[in-house]
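compute the structure for the input listed below.
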Amino acid sequence: MTVRSLAQDHTTAKTYRVQIVRAAAAPVITTELSAATRCIAGKVTLTATMKNTTAVPVSIELTTAFGKKSIASIAPGKSVSQAFTTRQAQIAAGEVTITAAGQVDGTSATATQKAGYSARSCG
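Down below sits the predicted model:
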């Protein structure tokens, strides 16, 4: 694209050539996440299951109201589950959050995903 500019004195003109370059698409990390509760020995256990649906290995940080867990590497297409012992006979509804990170086409990428779980009583 060419832009022609005229100065305030209306006699001086300058022509500029502008090239518009589209930025490359940002790298994407994709995962599937689910959360469930169950009763074990009268106490609620929260389980988070994550599947890496990206074509590269990813690291994961799981965060819940009952603790955090880091997983160094999950291969493409693989799943991992993590149980969190609540030590409580009942819990309110809540959510699990994961942050996934990896290298996509040589560029660092991250993604955050949440999954909810229902209130549970084991008593």
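
every contact and neighbour count from this point should use C-alpha atoms.
OK.

so how far is the helix or strand hosting residue 44 off the chain centroid?
Element membership of residue 44 [criterion: DSSP states H and E] is strand 43-52. Centroid separation for strand 43-52 versus its chain: 16 Å, with C-alpha atoms, centre = their mean, to the nearest Å.

strands paired with the next helix or strand after it, and their directions?
Next in sequence after strand 43-52, counting helices and strands by DSSP H and E, comes strand 58-64. Take DSSP bridges as the rule and strand 58-64 pairs in its sheet with strand 67-74 (antiparallel), strand 94-104 (antiparallel).

need these in CSV with mean neighbour count, can you?
Converted to CSV, these look like this (neighbours: other C-alpha atoms under 10 Å):
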stretch, mean neighbour count
strand 67-74, 14
strand 94-104, 20
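
nearest to residue 38, of those?
strand 94-104 (14.1 Å; C-alpha to C-alpha).

ends of stretch 38-55, how far apart?
Start and end residues of stretch 38-55 are separated by 32 Å (C-alpha to C-alpha, to the nearest Å).

for that stretch, buried residues please.
Buried residues in stretch 38-55, counting neighbours by 16 or more other C-alpha atoms under 10 Å, are found at 39, 43-54.

just flag the most distant two among those.
So, the buried residues of stretch 38-55 by C-alpha to C-alpha: farthest apart are 43 and 54, at 34.8 Å.

what about residue 14, distance to residue 117?
For residue 14, the distance to residue 117 - C-alpha to C-alpha - is 64 Å.

try residue 67
Distance from residue 67 to residue 117, by C-alpha to C-alpha: 15 Å.

quick check, nearest of the buried residues of stretch 38-55 to residue 108?
The nearest one, if we look at these relative to residue 108 and count by C-alpha to C-alpha, is residue 54, at 13.1 Å.
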